[in-house]
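In: Following is a predicted model, sequence given first.
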Amino acid sequence: MEKTNIKIKDLDCTLQKVYTAMGYGKTLPEKPIQELTLDLLSKAKEVVCACFNYQIYPCSVLLKQRQVELETILFNTQRTLTILLDKSEKIAVFAASVGPQFQVWLNEEKQKNDMIRVFILDSLGSVIVESVGDYMELLLEKEFQQLKHTNRFSPGYCGWDVSEQHQLFSLLPPAVCGITLHESAMMTPEKSISGFIGMGEAVQTKKYGCSICTNKHCYLRKK
Amino acid sequence: MKIYQLREAIVKGNLNLAIEETNRALTDHVKLQELINEYLIKGMEEIGKAFQEGKAFVPNLLMSARAMKGSLDILKPLLKEENVAFQGRVVIGTVKGDLHDIGKNLVASMLEGCGFEVINLGVNISDEQFVKAIKENKADIICMSALLTTTMVYMKDIIQLLIKTGLRNQVKVMVGGAPVNQDFADEIGADGYTENANAAVSLARSLVA
């Protein structure tokens, strides 16, 4: 399934989420920062034209080998993620992005070298793309109501080597969501996500908790 | 003795007040070194401490750095006249293959705000580009950033080229980025690693002390 032209109004993208992404817990930023964040969010409502795409594949989860096989391609998902994907009958291979217009805007702000604006916009972009991921999951649930599903898992996390992005993208349409995958496995627009969602009748939706994740710098990490 | 609100301006990140108070202090012939040590650096230390304690956040740091830079921009020409030394000269960049720059630019802003001269090379920087910039600018520190496990390994190549070109003993090497940690820094022979921009300033200061 592919959905394009997703606007902020379609997403659960709140100011509080942006503040959290900026490092504020339950504390609210000072007024000037609040006003600037609100201003950037308002502009984002005009600029953002997000997209997601997922493709469904039958899969074999090889617990012992710590691998997942899709279309004869082996993914070394490592111990933690392979366990979390256990009992998946199918996997939704997905990509989502805030869209190229947001990247243009972010680049323009970077050129101006006002790091406060850039930092807030970067945080905002992270929240938007994760909200696109949440929105995608809701539609996936609607399409496969009879199946349970796991959380989203991405290369680069929990030992799954980020270089496997290349074979992941081979299972998606070319230039999916306007994303360019670089040799280093980096995606542009920067605010793009990709990964697997396991689906099956016996799948357990375990929390992709911070306790099992090695990314200590994740903005969503619970302290 | 007149009281200046310069330290408070830095702590609160109030650029206009910082500029105003800097000019007022200069009119009163306050010594440059006193302005820097007793007001600017103290202000940055206070906001840095608040950040470390979870009482201030990245935007606060950036606002303070901006206020300090505003003040330093006024002082710079005078500093040259009086031969007052800057903290040091830093060459910073995101390594080849990697286009991420937010973290690197945060560190650059903080270093600049705290009195370092910063040469920001940008992203996707090769070992030769780093070496050329170090030579041209006589840098004291090189800061390398990477956000991907696939690109952070390139930091080792850069250090190897520093050794090969005889520059390694002249420049301190700092590394950072989400997948980087102290073990990795030790493994590739860097002089230091920090996990945030505030800590990077402290480390940079200690490396050039």
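Out: Structure's in. What do you need? Here the structure is a predicted model, which means the values were calculated and not measured. Numbers count the residues shown, from 1 in each chain, chains lettered A, B, ... in the order given.

In: The longest strand along chain A pairs with which strands, parallel or anti?
Out: Longest among the strand segments of chain A by residue count, using DSSP state E, is strand A:50-62. Taking DSSP bridges as the criterion, strand A:50-62 forms sheet pairs with strand A:2-6 (antiparallel), strand A:67-70 (antiparallel), strand A:90-97 (antiparallel).

In: okay if I get these as TSV plus distance to residue A:181?
Out: Backbone N, C-alpha and C define where each C-beta goes, glycine included. Below are the strands paired with strand A:50-62 laid out as TSV (distance: least, Cβ to Cβ, whole Å):
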stretch	distance to residue A:181
strand A:2-6	17
strand A:67-70	17
strand A:90-97	9
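
In: Does residue B:106 lie in a helix or a strand, and which?
Out: Residue B:106 belongs to helix B:102-113 when assigned by DSSP states H and E.

In: how about the CA coordinates for that helix, as CSV?
Out: What follows is helix B:102-113, C-alpha atoms only, in CSV (Å, rounded to 0.1, in the frame of the first residue of the first chain):
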residue,chain,number,x,y,z
ILE,B,102,22.8,18.6,13.2
GLY,B,103,25.0,17.2,16.0
LYS,B,104,28.2,18.4,14.5
ASN,B,105,26.7,21.9,14.0
LEU,B,106,25.5,22.0,17.6
VAL,B,107,29.1,21.2,18.8
ALA,B,108,30.4,23.9,16.4
SER,B,109,28.0,26.5,17.7
MET,B,110,28.8,25.7,21.3
LEU,B,111,32.6,25.8,20.7
GLU,B,112,32.3,29.1,18.8
GLY,B,113,30.1,30.5,21.5
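
In: For that helix, give the mean pLDDT please.
Out: Averaged across helix B:102-113, the pLDDT comes to 89.

In: Find the closest residue to chain A in chain B.
Out: residue B:97 (4.0 Å; Cβ to the nearest Cβ).

In: Which among the strands paired with strand A:50-62 is found nearest to residue B:146?
Out: For those, proximity to residue B:146 was assessed by Cβ to Cβ; strand A:90-97 is nearest, at 22.0 Å.

In: Can you give the distance of that closest one from its chain's centre?
Out: 9 Å (Cα atoms, centre = their mean, to the nearest Å).

In: weakest of the strands paired with strand A:50-62 in terms of mean pLDDT?
Out: strand A:2-6 - the lowest mean pLDDT of the strands paired with strand A:50-62, at a mean of 94.

In: need the residues of chain B near chain A, please.
Out: B:57-60, B:62-63, B:65-66, B:97-102, B:105-106, B:109, B:147-151, B:178, B:195 (Cβ under 8 Å from any Cβ of the partner chain).

In: and the strands paired with strand A:50-62 as JSON lines, adding mean neighbour count?
Out: Converted to JSON lines, the strands paired with strand A:50-62 look like this (neighbours: other Cβ atoms under 10 Å in any protein chain shown):
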{"stretch": "strand A:2-6", "mean neighbour count": "15"}
{"stretch": "strand A:67-70", "mean neighbour count": "19"}
{"stretch": "strand A:90-97", "mean neighbour count": "26"}
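
In: and residue A:134, which of the three is it?
Out: Following DSSP: H, G, I helix; E, B strand; the rest coil, residue A:134 is assigned to helix.

In: For it, which residues are in contact?
Out: Neighbour list for residue A:134: A:11, A:12 [criterion: Cβ atoms under 8 Å, 6 or more residues apart in numbering or on different chains].

In: do you know how far it is from residue A:128?
Out: 11 Å (Cβ to Cβ, to the nearest Å).

In: list residues touching both of these two?
Out: Common neighbours of residue A:134 and residue A:128 (Cβ under 8 Å, 6+ apart) are residue A:11.

In: Now the helix ranked longest in chain B: buried residues?
Out: Secondary structure of chain B per DSSP state H: the longest helix is helix B:58-82. The neighbour-count criterion (16 or more other Cβ atoms under 10 Å in any protein chain shown) identifies B:58-72, B:74-75, B:79 as the buried residues of helix B:58-82.

In: which SSE is the residue nearest to the spatial centre of chain A in?
Out: For chain A, the residue nearest the mean C-alpha position is residue A:193 (3.6 Å; Cα atoms, centre = their mean). Using DSSP H and E, residue A:193 sits within strand A:192-200.

In: ok so, going back, for the longest strand of chain A, give the mean pLDDT please.
Out: What strand A:50-62 shows for mean pLDDT is 98.

In: quick one on the thing from earlier: would you pull up how far the longest helix of chain B lies from the middle of the chain?
Out: 12 Å.

In: ok, now stretch B:104-111?
Out: 6 Å.

In: List the contacts of it.
Out: A:110, A:115, A:118-119, B:58, B:61-62, B:65-66, B:69, B:90, B:92-94, B:118, B:120, B:123, B:143, B:145, B:176-177, B:197-198, B:200-201, B:204.

In: wait, the residue of chain B closest to chain A sits on residue A:185?
Out: No - taking Cβ atoms under 8 Å as the definition, residue B:97 is not a contact partner of residue A:185, at 9.2 Å.

In: C-terminal to the longest strand anywhere in chain B, what's the next element?
Out: The single longest strand within chain B, with elements called by DSSP E, is strand B:116-125. Next along the chain after strand B:116-125, taking DSSP H and E as the criterion, comes helix B:127-137.

In: Between helix B:58-82 and the helix or strand hosting residue B:26, find me the angle.
Out: Using DSSP H and E, residue B:26 maps to helix B:15-27. In terms of direction (axes from the mean of the first three to the mean of the last three Cα atoms, to 10 degrees), helix B:15-27 departs from helix B:58-82 by 20 degrees.

In: For helix B:15-27, what does the pLDDT average out to?
Out: Here the average pLDDT along helix B:15-27 is 96.

In: sorry, back to before: so what's the gap between the helix or strand that the longest helix of chain B is followed by and the chain middle?
Out: Later in the chain than helix B:58-82, the nearest helix or strand by DSSP H and E is strand B:88-95. Distance, stretch centre to chain centre, for strand B:88-95: 9 Å (Cα atoms, centre = their mean).

In: And strand B:88-95, what does it pack against?
Out: helix B:102-113, strand B:116-125, helix B:127-137, strand B:141-145, helix B:154-164, helix B:197-208 (3 or more Cβ pairs under 8 Å, 6 or more residues apart in numbering or on different chains; DSSP states H and E).

In: What parts of chain A come near chain B?
Out: Near chain B, when you scan chain A using Cβ under 8 Å from any Cβ, you find A:22-24, A:27, A:29-30, A:33, A:110, A:115-116, A:118-120, A:122, A:156, A:161-163, A:182-186, A:188, A:190, A:215-217.
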